[in-house]
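Visitor: With the input below, show me the fold.
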Amino acid sequence: MDGKCKEIAEELFSRSLAESELRSAPYEFPEESPIEQLEERRQRLERQISQDVKLEPDILLRAKQDFLKTDSDSDLQLYKEQGEGQGDRGLRERDVVLEREFQRVTISGEEKCGVPFTDLLDAAKSVVRALFIREKYMALSLQSFCPTTRRYLQQLAEKPLETRTYEQGPDTPVSADAPVHPPALEQHPYEHCEPSTMPGDLGLGLRMVRGVVHVYTRREPDEHCSEVELPYPDLQEFVADVNVLMALIINGPIKSFCYRRLQYLSSKFQMHVLLNEMKELAAQKKVPHRDFYNIRKVDTHIHASSCMNQKHLLRFIKRAMKRHLEEIVHVEQGREQTLREVFESMNLTAYDLSVDTLDVHADRNTFHRFDKFNAKYNPIGESVLREIFIKTDNRVSGKYFAHIIKEVMSDLEESKYQNAELRLSIYGRSRDEWDKLARWAVMHRVHSPNVRWLVQVPRLFDVYRTKGQLANFQEMLENIFLPLFEATIHPASHPELHLFLEHVDGFDSVDDESKPENHVFNMESPLPEAWVEEDNPPYAYYLYYTFANMAMLNHLRRQRGFHTFVLRPHCGEAGPIHHLVSAFMLAENISHGLLLRKAPVLQYLYYLAQIGIAMSPLSNNSLFLSYHRNPLPEYLSRGLMVSLSTDDPLQFHFTKEPLMEEYSIATQVWKLSSCDMCELARNSVLLSGFSHKVKSHWLGPNYTKEGPEGNDIRRTNVPDIRVGYRHETLCQELALITQAVQSEMLETIPEEAGITMSPGPQ
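Guide: Alright, predicted model coming up:
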């Protein structure tokens with residue numbers, strides 16, 4: 001079995017390498033293919049001959065009752081007149097029941113999913129196996145896994161699945177009537193940077209072995225000291241799991257099954273909207289002082305170096321030229337330069353500057369040209385201005401960048417309900433990068449209750465290796481992770497870093513995914529210490545070693561009582577489909593996910609696992625996919641956990657509120673309802689890295705519960721009808737696949753002898 005999966009995966013990898021010159025696959029999974037049409041007609045004819053599909057009588061009765069309930073207010077008034085003596089409590093309970101009553105569509109018959117039971121059983125076993133693989137890696141790294149999915153998988157597991165102990169409540173539980181806004185901090189979090197006040201030294205030693213940091217009981221590891229037991233993924237097991245998933249996603253019958261389920265989910269949502277849209281709108285109108293503008297929204301994918309719009313950056317540069325013209329800001333070939341001298345060398349004055357001369361906005365020439373897009377990060381095409389104004393490590397210690405970030409934070413705080421998770425870069429070229437970044441944040445007091453940080457690691461080893469800055473890939477991993485382990489073991493040795501890490505959510509992996517990969521990650525791949533060639537390691541290579549070190553770090557930090565990190569990479573924007581396979585296994589959430597539209601099996605798995613996807617349609621429109629072809633409305637209708645984000649406001653947006661601009665354009669183009677918009681906003685909070693206590697204020701103290709029980713419409717403005725529909729639909733899909741394999745244990749799943757390679761595109 002494993003050997004066959006390996007052969008299929010290697011053939012698929014080689015095919016993707018052969019086609020790597022294409023920016024993306026030259027085809028899309030069709031809405032209706034001839035084969036699907038013929039198969040559907042045949043099965044429809046068989047069903048008509050063999051059985052009568054008719055609605056259950058109770059469904060008709062419920063539909064009639066719902067039809068008679070034409071006016072919710074008069075309904076409520078009638079109840080008041082009939083039950084005056086039952087008290088306020090009974091009234092509230094009845095009100096909740098009325099809110100959750102909605103019309104449902106039920107499918108009856110023996111073959112509810114439209115395929116023979118044998119096909120359903122084969123597909124269900126494979127899907128369940130894939131979900132167990134993801135659950136294993138999420139448990140290993142202390143990342144979250146959808147509780148509803150875990151509950152259904154528990155029925156098939158040999159032993160109880162671990163419940164996430166990291167989902168700890170706040171010290172003081174948030175009451176149901178607590179204010180929407182969390183209490184303000186009594187003092188600045190960077191106020192006390194005294195090493196003496198920090199947790200003590202554990203006295204442990206560190207050594208990187210085969211690309212993964214190992215922790216030892218002595219500061220200087222030797223043969224007499226023992227290793228501290230911290231779990232991390234086995235490389236051989238990871239490669240085998242990748243091969244299984246690669247074989248799964250190109251299996252013809254499973255692709256057909258997943259495609260049918262996705263089409264069913266789309267149609268079911270359209271029917272739900274048709275039957276319940278007015279009820280959802282009525283429920284929203286009943287909520288006082290709550291609408292789309294004053295519910296919490298989080299920009300879950302935005303880069304700090306481009307979080308301002310072009311007009312904001314222009315005003316800031318002009319203001320700096322007026323106030324700090326004689327300040328030394330740059331060193332050119334050993335000679336210090338003032339801001340005046342820098343602009344004189346470009347023959348520019350403050351009066352000459354405009355949005356057009358700044359030239360940071362993406363245009364039609366950046367489509368499928370990531371190199372031209374990266375050049376837009378340089379104002380006026382000059383890298384020196386990027387270094388001066390939007391870098392943390394420069395001659396002025398990142399002062400200008402800190403000021404403009406704080407201005408963006410001030411705008412977010414003024415809006416009250418908008419929040420962001422900004423990405424800052426760690427390149428892995430030197431060991432002191434973390435300390436410099438943390439010193440920048442603490443020294444300039446760059447902090448806001450509306451902002452959390454993610455650290456992005458650009459996949460640029462080939463560039464650093466060519467320049468001679470790194471000897472091998474393991475050196476890059478050491479520069480990225482050893483300072484984090486040191487700050488966890490002995491916080492006083494990195495005091496600023498210890499404080500800064502309290503506000504970091506996790507790691508991101510960024511670069512142009514459409515760049516060709518000349519290597520396939522398998523057991524024959526060089527280990528990090530042996531990767532000395534100038535070719536860049538593949539995407540899965542980066543992700544595995546980032547995940548392995550993060551898992552070790554999370555367990556060490558958990559033991560110390562520190563918060564843990566998650567993996568949220570850029571994935572599925574372009575390039576080969578197997579990037580999404582690696583992310584399905586290792587990442588808690590992803591950004592982009594466009595290529596899921598071409599992979600029905602993966603899309604169905606992402607739905608069942610409720611993996612968060614931060615989508616940026618305006619960014620995609622300028623780089624890889626025109627706006628009207630963006631799959632976000634399709635993902636949303638099917639129930640995937642999607643949210644809207646801005647990516648790079650400097651390049652793509654025009655207004656002071658880029659996130660609202662993103663929502664407004666999506667709403668107008670795709671005709672989203674108020675309920676759709678509020679659902680996207682609620683999703684953004686759920687998949688963000690803000691603390692449990694903060695989310696309890698924003699979404700309600702019960703937000704971790706499943707279904708309508710976890711929704712507080714007074715805070716989210718999402719009707720219980722919509723949340724109930726999403727929960728019931730997910731449970732029905734999970735029940736469909738788990739009940740099909742209920743009688744067999746996971747180990748008895750037969751070897752997928754029928755897995756064959758489908759012919760590639762001609």
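Visitor: Could you tell me which helix of this structure is the longest one?
Guide: Criterion DSSP state H: the longest helix present in the chain is helix 252-286.
Visitor: so where do the helices sit in the stretch 251-400 of the chain?
Guide: In the stretch 251-400 of the chain, the helices defined using DSSP state H, counting those that start in this stretch lie at 252-286, 310-323, 339-345, 355-358, 370-375, 383-389, 399-415.
Visitor: and the last one, how far from the chain's centre?
Guide: Meaning helix 399-415. How far helix 399-415 lies from its chain's middle: 24 Å, per Cα atoms, centre = their mean, to the nearest Å.
Visitor: what packs against the longest helix of the chain?
Guide: Using 3 or more Cβ pairs under 8 Å, 6 or more residues apart in numbering; DSSP states H and E, the elements in contact with helix 252-286 are helix 34-50, helix 72-82, helix 117-141, helix 600-608, helix 632-638, helix 674-686, helix 720-740. All C-beta atoms are positioned from the backbone trio N, CA, C, and that covers glycine.
Visitor: Would you tell me which one of these is buried the most?
Guide: Highest mean neighbour count among the helices and strands packed on helix 252-286 (mean count of other Cβ atoms under 10 Å): helix 600-608, with a mean of 25.
Visitor: average model confidence for it?
Guide: The pLDDT scores in helix 600-608 average 96.
Visitor: quick check: angle from it to helix 117-141?
Guide: 60 degrees (axes from the mean of the first three to the mean of the last three Cα atoms, to 10 degrees).
Visitor: Which one, of the helices and strands packed on helix 252-286, ends up nearest to residue 151?
Guide: Closest approach to residue 151 among these (Cβ to Cβ): helix 720-740, 8.3 Å.
Visitor: Report all helices and strands that the closest one contacts.
Guide: Using 3+ Cβ pairs under 8 Å, 6+ apart as the test, helix 720-740 ends up in contact with helix 87-100, helix 117-141, helix 147-154, helix 252-286, helix 600-608.
Visitor: any chance of those helices in a markdown table, plus distance to residue 665?
Guide: Shown next, in a markdown table, are these (distance: least, Cβ to Cβ, whole Å):
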| stretch | distance to residue 665 |
| --- | --- |
| helix 87-100 | 31 |
| helix 117-141 | 33 |
| helix 147-154 | 32 |
| helix 252-286 | 21 |
| helix 600-608 | 24 |
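Visitor: looking at those helices, which is closest to residue 200?
Guide: That would be helix 117-141 among the helices and strands packed on helix 720-740, by Cβ to Cβ, at 26.2 Å.
Visitor: Can you list the helices and strands that that closest one packs against?
Guide: helix 147-154, helix 235-249, helix 252-286, helix 539-560, helix 578-586, helix 600-608, helix 720-740.
Visitor: how about the shortest one: buried residues?
Guide: Think helix 147-154. The neighbour-count check on helix 147-154 (16 or more other Cβ atoms under 10 Å) flags 148, 149, 150, 152, 153 as buried.
Visitor: For the residues you listed, give me TSV that also has pLDDT.
Guide: Formatted as TSV, the buried residues of helix 147-154 follow (pLDDT from 0 to 100):
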residue	pLDDT
148	95
149	95
150	94
152	93
153	92
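Visitor: residue contacts, residue 137?
Guide: Taking Cβ atoms under 8 Å, 6 or more residues apart in numbering, we find residue 137 in contact with 143, 233, 547, 585, 586.
Visitor: cool, residue 702 as well?
Guide: 176, 709, 710, 712.
Visitor: Phi first, then psi, for it.
Guide: Main-chain torsions, residue 702, degrees, to the nearest 10: phi -100, psi 20.
Visitor: Touching, residue 646 and residue 300? I think so.
Guide: No - when contacts are counted by Cβ atoms under 8 Å, residue 646 is not listed as touching residue 300 (9.6 Å).
Visitor: So for those two, which sits in the more crowded spot?
Guide: residue 300 (31 against 28; other Cβ atoms under 10 Å).
Visitor: Find the helix or strand that the nearest residue to the more buried one once chain neighbours are set aside is a member of.
Guide: Nearest residue to residue 300 in three dimensions, chain neighbours excluded: residue 614, at 4.2 Å (Cβ to Cβ, 6 or more residues apart in numbering). Remark: residue 614 resides in strand 612-615, with elements defined by DSSP states H and E.
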